[in-house]
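K.L.:
next come a sequence and a model predicted from it.
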Amino acid sequence: MAKLVSRQPPATSSFFTSLLRPSVSISQSYICTPCRRNLHRGLPENGRVPPPTPFVPDVPTFLTLIGRELSKHASKIESWEELFTLTSQELKARGIEPPRIRRYLLRWREKFRKGDFGVGGDFQHVKDGVAELRVVEVPSLKKDPVTGEPVSGPVTVGRTPGMQKLIVNVPNGSTTYALQPGQTTADLRKPKGFKLKNGYIIKGKQAQPLKGTYGSGVIVKVTEGLWEHKQGHKIHGGERRRAETLHKLRVEENKKNAR
């Protein structure tokens, strides 16, 4: 009588089957969450509210500086905290349209949060939206032979030969600059966006010369669009349609020449 023998799969078969059929724990550990644009649809994880600066003390000033007519929406944002906590959907509900304006506002909001200011954002002495810059003179900053630290000296306003000249934000109407407690001349930094021409003339965006200073003193005011990122303009229909538009223009030109 024939003996029935059941065929068992080889041991290697079960090994490869286990490789092709991952366990539930492994499959769950590799589940990916949907990607999304955090800047446009939600708040970043480190969405802290930065403090106002002397040049940007409130919401209307911030919206005025970044331009693109966002200042007309100033009444829709009630506080400085709201400016840095409202989501894109909440801004939309308050009537800030179109979407590209909201994206622009959110982008500048993140730049400000990171300390990436425009012209005047690093000013410390501002009165009624107006700041003064002057050229100050300091002795050459020599290092102490023992400590290796720069040796500070007095700060003067003028054009004395042989002195190192720096651009400094001074209190409005002041002809001198007093160092803060613990501050040395080595701590003085040139404001962002300004430079010296011919050694004593301050040049920069919206820098208006002060009377009687011959360019060594200027004022900078909060103006509409001072920080604005200018939009480009389309030429021949933009990048997508440029080749098509140029082709049509060539065809029309050839027709005119053939007549």
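P.N.:
Nice, I can see it.
K.L.:
show me the strands in the stretch 101-250 of the chain, by range?
P.N.:
126-127, 130-138, 156-157, 164-170, 194-197, 201-204, 208-209, 217-221 (DSSP state E, counting those that start in this stretch).
K.L.:
next one, pLDDT for Gln8 please.
P.N.:
The per-residue pLDDT reported for Gln8 equals 55.
K.L.:
all helices for the stretch 151-259 of the chain, in order.
P.N.:
238-258 (DSSP state H, counting those that start in this stretch).
K.L.:
just give the nearest non-adjacent residue to Leu249, would you?
P.N.:
His236 (7.9 Å; C-beta to C-beta, 6 or more residues apart in numbering). Quick note: C-beta positions are derived from backbone N, CA and C, even for glycine.
K.L.:
list the contacts of that neighbour.
P.N.:
242, 245-246, 249 (C-beta atoms under 8 Å, 6 or more residues apart in numbering).
K.L.:
among those residues, who's most crowded?
P.N.:
Thr245 (15 neighbours; other C-beta atoms under 10 Å).
K.L.:
just to revisit the earlier point, do you know how far the residue nearest to Leu249 is from Ser174?
P.N.:
The gap separating His236 from Ser174 is 54 Å, by C-beta to C-beta, to the nearest Å.
K.L.:
will you turn the strands of the stretch 101-250 of the chain into TSV that also has mean pLDDT and mean neighbour count?
P.N.:
As requested, those are exported to TSV (pLDDT from 0 to 100; neighbours: other C-beta atoms under 10 Å):
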stretch	mean pLDDT	mean neighbour count
strand 126-127	94	16
strand 130-138	88	21
strand 156-157	58	16
strand 164-170	87	19
strand 194-197	90	13
strand 201-204	91	17
strand 208-209	92	12
strand 217-221	93	19
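K.L.:
for Ser71, find the nearest of the ones you listed.
P.N.:
strand 217-221 (14.7 Å; C-beta to C-beta).
K.L.:
packing partners of that closest one?
P.N.:
On a contact count with 3 or more C-beta pairs under 8 Å, 6 or more residues apart in numbering; DSSP states H and E, strand 217-221 meets strand 130-138, strand 201-204, strand 208-209.
K.L.:
can I get the first one in CSV, CA atoms only?
P.N.:
In this case it means strand 130-138. Extracted C-alpha coordinates of strand 130-138, given in CSV (Å, rounded to 0.1, in the frame of the first residue of the first chain):
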residue,chain,number,x,y,z
VAL,A,130,13.4,109.1,12.1
ALA,A,131,17.0,108.1,12.9
GLU,A,132,20.3,109.9,12.5
LEU,A,133,23.6,108.6,11.3
ARG,A,134,26.9,110.3,11.7
VAL,A,135,30.6,109.6,10.9
VAL,A,136,32.5,109.2,14.2
GLU,A,137,36.3,109.0,14.6
VAL,A,138,38.1,106.6,16.9
